[in-house]
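Enquirer: just to be clear, the model below is a prediction. Sequence and coordinates:
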Amino acid sequence: MILVSSLRSKIVEWSPAIATILLVLVIWEVLVNALDIQRWLLPAPTVIASEIVDSLDSLVRHTGITLFETVLGFGISVICAVLLATAIVWSRTVERSTYPLIIASQTIPIITLAPLLIIWVGTDIRSKVIIIVLFTFFPIVISLVQGLRSVEQDMVDLFRTLGASPIQIFNKLMIPSALPSFFSGLKVAAVFSVIGAVIGEWFGSSAGLGWLMKIAGGQLQTAKVFAAIFVLSIMAMLLFALVVAVEKWSLRKYPPTAERFTHLGES
C-alpha cells in the first residue's frame, strides 16, 4: 500500500513533464502526417516506436555495450576526480601544479581528441573509456573542490579547539559539507558520460549505440537513428536518477533546507 501511494505521488509530481512530452509527441505525429514528410527525413513517433519493437534485439545488444563503456568510464572518472580533488585541497603545491592544467584542458574541444585516441590506443574499449573520462572528469573535480572549500572557517576553528586532527576535520566536517556540491557535479557527469561513449563509438567502433546511429544514418534509416537516440536518452535519465537516489540516501541525515527555497514562486 505504501509503495502504491509513493508511486502515485511520483506520477502526480511528474505529471507536468509527462503531459508536455505527450503533447510534443502528438504535435509531432500530426504535423508529420499532415505535411506528408517522408520517413527518411523525419519519421513519426509511431514509426519510431515500431522500429524500436522490430529492432529490439539489436538495440538491447548494442545498449549493453554502450552501457558497460559508460559505467566503466564514469566509475574511473569518479575515482580519479575524488583523488585529485582531495590532493588539491590538502596540498597547495598540487593545486598550483594541476589546477591550471585542468582548466586549460577544457579549452580543447574533446571531440577533436577522439581521432587521436583511436590512433594512439586503438579502437577497443580503452579509447571510449578515455573519452568518457575526459568528458566527466572536469565537473566532478571542480564541484568537489568547491564543496570541500565551502566550509566556514569558524567551524574549522571550532574543531581545532576541540582537539580534532586535520584528518578528523576532513572526514567529519569537510566531506559532509562537500556532498551537495559533489553530487551536483556527478549529475552533470552522469549525462556527459553517455555523450562521451557515443562520440567514442562514432570515431572507432564496431558495436554500440553510437556505431548503430552512424551506420543507420549513412543508410538513411532515420527511424533507427531516432530509436537509438531514445534508448540513449533513457540510459542518461536512469544514470541521472541513480545518482539522485544515492544522493538522497547519502544526505538522508541532513535537513533538506536547499529544497525549501528552490522554487520561490510556490507556496
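Expert: Structure's in. What do you need? Given the structure is predicted, the values throughout are model-derived calculations rather than measurements.
Enquirer: flag the shaky bits of this protein, pLDDT-wise.
Expert: In the predicted model, the chain carries pLDDT under 70 at residues 1-11, 254-267.
Enquirer: walk me through the domains of it.
Expert: 1-36, 41-254 (automatic domain parsing).
Enquirer: single out the most deeply packed of those.
Expert: Stretch with highest mean neighbour count among the domains of the chain: domain 41-254 (a mean of 17; mean count of other C-beta atoms under 10 Å). To be clear about C-beta, it is placed using only N, CA and C from the backbone, and glycine gets the same treatment.
Enquirer: does Asn230 touch Glu51 like I think?
Expert: Wrong residue type there; residue 230 is Phe, not Asn. No: counting by C-beta atoms under 8 Å, Phe230 does not reach Glu51; the two are 9.4 Å apart.
Enquirer: could you pick out the longest helix of this structure?
Expert: helix 56-90 (DSSP state H).
Enquirer: what's that helix packed up against?
Expert: In terms of contacts (3 or more C-beta pairs under 8 Å, 6 or more residues apart in numbering; DSSP states H and E), helix 56-90 is packed against helix 92-105, helix 125-148, helix 175-203, helix 209-218, helix 222-250.
Enquirer: identify the residues contacting the shortest one?
Expert: With C-beta atoms under 8 Å, 6 or more residues apart in numbering as the test, helix 209-218 has contacts from 58-59, 62-63, 65-66, 197-202, 205, 222, 224-225, 228-229, 231-232.
Enquirer: what about 10 Å?
Expert: 51, 55, 58-59, 61-67, 69-70, 128, 194-206, 208, 221-229, 231-232, 235 (C-beta atoms under 10 Å, 6 or more residues apart in numbering).
Enquirer: let me know the angle separating it from helix 175-203.
Expert: With axes from the mean of the first three to the mean of the last three C-alpha atoms, to 10 degrees applied, the angle from helix 209-218 to helix 175-203 works out at 40 degrees.
Enquirer: now swap in the last one and tell me
Expert: Here helix 222-250 runs at 170 degrees with respect to helix 175-203, directions being taken by the same axes, to 10 degrees.
Enquirer: for Phe240, see how far away the nearest residue to Met235 once chain neighbours are set aside is.
Expert: Residue nearest to Met235 in three dimensions, not counting chain neighbours: Val194, with 5.6 Å by C-beta to C-beta, 6 or more residues apart in numbering. To Phe240, Val194 is 9 Å away according to C-beta to C-beta, to the nearest Å.
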